[in-house]
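>>> model this:
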Amino acid sequence: MVGWLMMAGIFILLFGMSLILSRKILIKLRKFLEEPILFLDDKLKSIGIIAGALLSLIGGWIVSVAFNYPQLWYLHPIGLLILCFGLLYLFLPDWLSSLSRFFDRLLLSADEIFIEDRRNAGLVLIGIAIFILISAYLIIR
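As a prediction, this is how the structure comes out:
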């Protein structure tokens, strides 16, 4: 337990120090991580009917389970959301891909905000790391 705590503290400390020191490295890391691995829209176009039917079935099943067990009330919105997207894939696939392109342009990139406030985040992470390392020391002692 203490070993894991020490490793987490050291990792957080190093990450916090890297946030304080290097803006260029963070920009390079952001560019690397923003590259898409695969384009899901293109993959789903070929199997749109199957994906829509599967999502509709899963969403309907989740909603029916939620109606049978009142303590699972939080499944209602999840099932309805899955069901809605399944029906959209079945009946309006072109509208769904245009909606996807619209939201790709609309979303605010948190990376730029984070890079500007990286020093504050680095100081917070260093503080957390110091707290973790002191806690590990007190556990050992």
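>>> Can you say which helix or strand has residue 37 in it?
Using DSSP states H and E, residue 37 is not contained in any helix or strand.
>>> Offset the numbering so it begins at 214, please.
Let's use 214 as the start, then, which means that last one is residue 250.
>>> neighbours around it, how many?
Applying other CB atoms under 10 Å, we find 5 residues neighbouring residue 250. For every residue, glycine as well, the C-beta is placed using N, CA and C.
>>> Also residue 242?
The burial count for residue 242: 13, using other CB under 10 Å.
>>> quick one: it and residue 231, what's the gap?
Per CB to CB, to the nearest Å, residue 242 is found 10 Å from residue 231.
>>> try residue 266
47 Å.
>>> can you pull the contacts of the nearest residue to residue 349 once chain neighbours are set aside?
Distances taken as CB to CB, 6 or more residues apart in numbering put residue 218 closest to residue 349, at 4.3 Å, once the chain neighbours are dropped. Taking CB atoms under 8 Å, 6 or more residues apart in numbering as the criterion, residue 218 is in contact with 345, 348, 349, 352.
>>> which of these lies closest to residue 294?
The nearest member of those to residue 294, counting by CB to CB, is residue 345 at 37.2 Å.
>>> show me what contacts the closest one?
218, 221, 222, 225.
>>> Assign it to helix, strand or coil.
Following DSSP: H, G, I helix; E, B strand; the rest coil, residue 345 is assigned to helix.
>>> Look at it and report its pLDDT.
We have a pLDDT of 92 for residue 345.
>>> can you check residue 307 too?
pLDDT, residue 307: 79.
>>> likewise the one 3 residues further on?
Predicted confidence (pLDDT) for residue 310: 73.
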